[in-house]
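*Asks:* Here is my input, please return the structure:
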Amino acid sequence: MAQLEVRPQASQFWSYASPVLALLITVVLGVGLFLALGKDPLKGLQVFFWEPIRSPYALGELMVKATPLLIIALGLAVCFRSNVWNIGAEGQFVMGAVAAGGVALLADKGTGAWIVPVILAAGVLGGMAWAGITALLRDRFNANEILVSLMLVYVADMVLNYLVFGPWKDPAGYNFPQSKTFEAVTQIPRLMPGSRVTIGILLGLAGVLALWLFLFRTYAGFAQEVSGLAPAAARYAGFSSRRALWVALLISGGAAGLAGALEVAGPIGQLTPYVPAGYGFAAIIVAFVGRLHPVGVVFSALLMSMFYIGGELAQSRLGMPKSITGVFQGLLLFNLLACDTLIAYRFKFSKPLATPVFAPTAKSVEGAR
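*Replies:* Got it, this is the predicted structure:
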């Protein structure tokens, strides 16, 4: 007989083993899903876990998908470590893309390469401004940041749709809801010819180092974490909870906005209604699978990008529905939440108690008579 019992202290082993176990359970459930849909499970696992890494070009596409997930998840790691629940990174991603696209549309044939840093800066500021709305409402009116940031995602989508269906629609675009294609000078530089990988991956890796230094080697990072873990202790130590709120949301919003700028001025090359690709929501899973650690986020971003590419290949090669990507992402998240139980609890096995057998005695027999 097994039952859960509270551990004397949190398990360090399961803190790192939990994501691995969650991934294994997700794979097993995925096999069952393929069988239930009448698909070959070996081919299903192949398109999810082998095809995205089988060639240099495939690895390049994997990094293209991983770049926005990595950058957004790094910002979210700061928020969640600070106990600030920013669920609206998708909206900040979209507004960063809008701000960057607005600058890119100003470029013409004579514009110099200096426009690229300006585009990236506009994306960062756009994301920060959108996250700042959540910070302001939480700071001034004690509004719930989960609801506010989430609702602002839909507002951001409407702003984007208004622009691409209206003022920014390409007059030579055959009435399609999209802006004109950005000038070549506005394109984010690529790392190598023949690949879509841009310098965004280098910015993401630089962000990993910067976040590690901030969290684990600076006084400000220490104050940020204490404010999230123990607000009362933070106040006693003189740390400002308001400052922690603003820093967390502005860093997170700026990272999401940067990812949006890299996306529209990189692989997409214009503004369309399809800019919102769900990266902001998927990055929440990336952050938690990576244990909110900068290095862990790198590996979880690669894993999540494999799910994106595998989902697209499963649609084209196996005839799977479009929702298969979201199914695998959801399975991974729920399995992670379940496996994280083992960090604070452990199974205790005990033998079931034997059922006592009633043995008649002389007195009981006499009483029966």
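
*Asks:* which residues sit against whichever strand or helix holds L42?
*Replies:* According to DSSP states H and E, L42 maps onto helix 41-49. Helix 41-49 is contacted from outside by 27, 30-31, 34-35, 306-307, 310-311, 313-314, 317-318, 320, 328, using Cβ atoms under 8 Å, 6 or more residues apart in numbering. Yep, even glycine has a C-beta here, placed from its N, CA and C like the rest.

*Asks:* now stretch 107-114
*Replies:* Contact with stretch 107-114 is made by I115, F182, E183, V185, T186, as judged by Cβ under 8 Å, 6+ apart.

*Asks:* where exactly do the strands run in the stretch 1-150 of the chain?
*Replies:* Shown for the stretch 1-150 of the chain, the strands assigned by DSSP state E, counting those that start in this stretch span residues 2-6.

*Asks:* returning to what we had before: of the contacts of stretch 107-114, grab the buried ones for PyMOL.
*Replies:* Under the burial definition 16 or more other Cβ atoms under 10 Å, those of the contacts of stretch 107-114 that qualify are selected in PyMOL by:
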select buried, resi 115+182+183+185+186
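
*Asks:* Widest-spaced pair of the contacts of stretch 107-114?
*Replies:* Greatest spatial distance among the contacts of stretch 107-114 (Cβ to Cβ): I115 and F182, at 9.7 Å.

*Asks:* any common contacting residues for those two?
*Replies:* Counting by Cβ under 8 Å, 6+ apart, the common neighbours of I115 and F182 are A104, A107.

*Asks:* thinking again about what came up before, and the helix holding L42, which residues are buried?
*Replies:* Buried residues in helix 41-49, counted by 16+ other Cβ under 10 Å: K43, G44, Q46, V47, F48.

*Asks:* tell me the mean pLDDT for it?
*Replies:* Mean per-residue pLDDT for helix 41-49: 91.

*Asks:* what does stretch 341-354 give?
*Replies:* Mean pLDDT, stretch 341-354: 80.

*Asks:* May I ask you to confirm that P171 belongs to a strand?
*Replies:* No: counting by DSSP: H, G, I helix; E, B strand; the rest coil, one finds P171 to be coil, located in no strand.

*Asks:* Starting from P52, give me the distance back to L229.
*Replies:* In this view, L229 and P52 are 36 Å apart by Cβ to Cβ, to the nearest Å.

*Asks:* So which of those two has more stuff around it?
*Replies:* A count of neighbours by other Cβ atoms under 10 Å puts P52 above the other of L229 and P52, at 23 against 12.

*Asks:* contacting residues around the more buried one?
*Replies:* P52 sits next to A58, L59, E61, L62, S305, M306, I309, G310 when contact means Cβ under 8 Å, 6+ apart.

*Asks:* Any stretches of this structure with poor pLDDT?
*Replies:* Within the chain, the ranges that satisfy pLDDT under 70 run 1, 352-369.

*Asks:* let's go with 80 and repeat that
*Replies:* Applying pLDDT under 80 to the chain picks out residues 1-2, 228-233, 235-236, 349-369.
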